[in-house]
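Enquirer: I need the structure of the sequence given here:
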Amino acid sequence: MGSDSLHKSASISIGKHAQTISLYRSLLLFFLTFVLIVAFLIQETSEPKVSKLRKAHEIINRTIPKWEMDTARQELPRQCWNLLEHLNQCQASKEIVVFGCHRKWCSSSYGHCEEVNGIGDRTQRMLSMATDAIHKCVRIEFDYPQTRNGIDLRFQSSLEYRDPWGILAETFHFRSYDVSNQGPVDVTSWGSHINDQVATRTFTHFTPKDYVWHHYNPCLYHILFRKTDEISTELNYYEDLFHLKEGNTIGIHFRTGDLTAFGVKNKDIRAKGGEDKFNFFLATDNNHVRQMANNDERYKIHMIQEKPSAYINSDGDRTAYLDLYLLSRTRGLSVNVLPKEYDGPAERVSTFARLAWNIGFMNDDQLYECEIA
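Expert: Got it, this is the predicted structure:
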């Protein structure tokens, strides 16, 4: 009896001690946050006006450093050099369009989060809007916190958005602006402040509502983004394994809807086609299709080892980017398209397949559409 009382007393004491420690930690975190905010405000109010103007000029006038331009010319096809030069000229503009998306924070327990469509949808629209901005010679920046999931910005010093709240914004996952409602974008107004003396910023989501993407120069993707070292190593491995350099591998994109990406069932059912004299590389978001391909001995069908993963959060993007780049290196693409009776919001040809076709600099004859009978 006495032993039970002592045990209960000790448990209560330990529990109170744990609560006290938790309370102290919360107070300490609050105190540190308060100190950082005060320090930031003091710096902003005490900094000389001349210094602020110089600092603002340095932030806005972030054209691409010469050594990065030289490196890019070595890595990019010559046909992309003119667009690269035009982009660099426009980066000196004081009118700025910021493309924002904070998917990385959607998987955390706190912070500003914006869920977005798959790689095909968001990239096609972003490249289309970037084309609109460059046409008006407006500076573009990207605010896209993400892990090293396959791609990085090629010119981070010039293209990466830096929030005024700095380290506080990164630590507590917030921004000084909000585009989570994916509000419509007024592209026609871009360029109207290009001669202003004071910098102006317009913020837009990667996939704004009511924006219809249009043609863009495939070079723009390669100029803005570069492959990470990790995915480059994987690509070289699979390119040799699948004999892609031999030029007789047809890429197949078999998509059964956004089931893997978003867990949403829809009527987006598509089918593949091909010829048995070729090798095939299959990219699909459906594990059942992968199993069927593995069991089919009639054709030589290659697939990456990784299984499809949900890319509603940014951590799942890597395998999708791997498929994307491999598809872009095939001889041509065979894609299953929407049936005529389809009544959903998706496009007839998968935007993911269309993106692979674009960044692979393929022509119309290299895209073969297959419809379910």
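Enquirer: okay, strands next: where are they in the stretch 51-200 of the chain?
Expert: 95-100, 139-143, 151-153, 200-205 (DSSP state E, counting those that start in this stretch).
Enquirer: can you tell me which helices and strands the shortest one packs against?
Expert: The one in question is strand 151-153. Under the contact criterion of 3 or more Cβ pairs under 8 Å, 6 or more residues apart in numbering; DSSP states H and E, strand 151-153 touches strand 225-227. C-beta here means a position set from N, CA and C on the backbone, and glycine is covered the same way.
Enquirer: in its sheet, what does the strand it packs on sit against?
Expert: Next to strand 225-227 in the sheet, as set by DSSP bridges, lie strand 151-153 (antiparallel).
Enquirer: how is the protein carved up into domains?
Expert: 61-219, 229-371 (automatic domain parsing).
Enquirer: including distance to Tyr216, could the strands of the stretch 51-200 of the chain go into TSV?
Expert: Below are the strands of the stretch 51-200 of the chain laid out as TSV (distance: least, Cβ to Cβ, whole Å):
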stretch	distance to Tyr216
strand 95-100	14
strand 139-143	13
strand 151-153	17
strand 200-205	16
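Enquirer: can you tell which of the ones you listed is closest to Pro184?
Expert: Among the strands of the stretch 51-200 of the chain, the nearest to Pro184 by Cβ to Cβ is strand 200-205 (9.1 Å).
Enquirer: where in the stretch 1-150 of the chain is pLDDT low?
Expert: The model of the stretch 1-150 of the chain has pLDDT under 70 over residues 1-61, 107-110, 115, 145-148.
Enquirer: where do the helices of it begin and end?
Expert: 2-46, 49-60, 66-75, 81-90, 119-135 (DSSP state H, counting those that start in this stretch).
Enquirer: okay, stretch 357-373 in CSV with CA atoms only?
Expert: What follows is stretch 357-373, C-alpha atoms only, in CSV (Å, rounded to 0.1, in the frame of the first residue of the first chain):
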residue,chain,number,x,y,z
TRP,A,357,7.7,16.4,-75.0
ASN,A,358,8.5,20.1,-74.7
ILE,A,359,11.7,20.0,-72.8
GLY,A,360,12.9,17.2,-75.1
PHE,A,361,12.6,19.6,-78.0
MET,A,362,10.4,17.0,-79.8
ASN,A,363,8.3,17.8,-82.9
ASP,A,364,4.7,17.0,-83.6
ASP,A,365,5.6,13.6,-85.3
GLN,A,366,7.1,12.5,-82.0
LEU,A,367,3.9,12.6,-80.0
TYR,A,368,1.5,9.7,-80.7
GLU,A,369,-1.9,9.9,-79.1
CYS,A,370,-3.8,6.7,-78.2
GLU,A,371,-7.5,6.7,-77.2
ILE,A,372,-9.4,3.9,-75.6
ALA,A,373,-11.9,2.3,-78.1
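Enquirer: got a list of contacts for that stretch?
Expert: 77, 216, 218, 221-222, 269-273, 324-325, 327-340, 349, 353 (Cβ atoms under 8 Å, 6 or more residues apart in numbering).
Enquirer: just the ones of these in helices?
Expert: If you go by DSSP state H, those have 221-222, 324-325, 327-328, 353 in helices.
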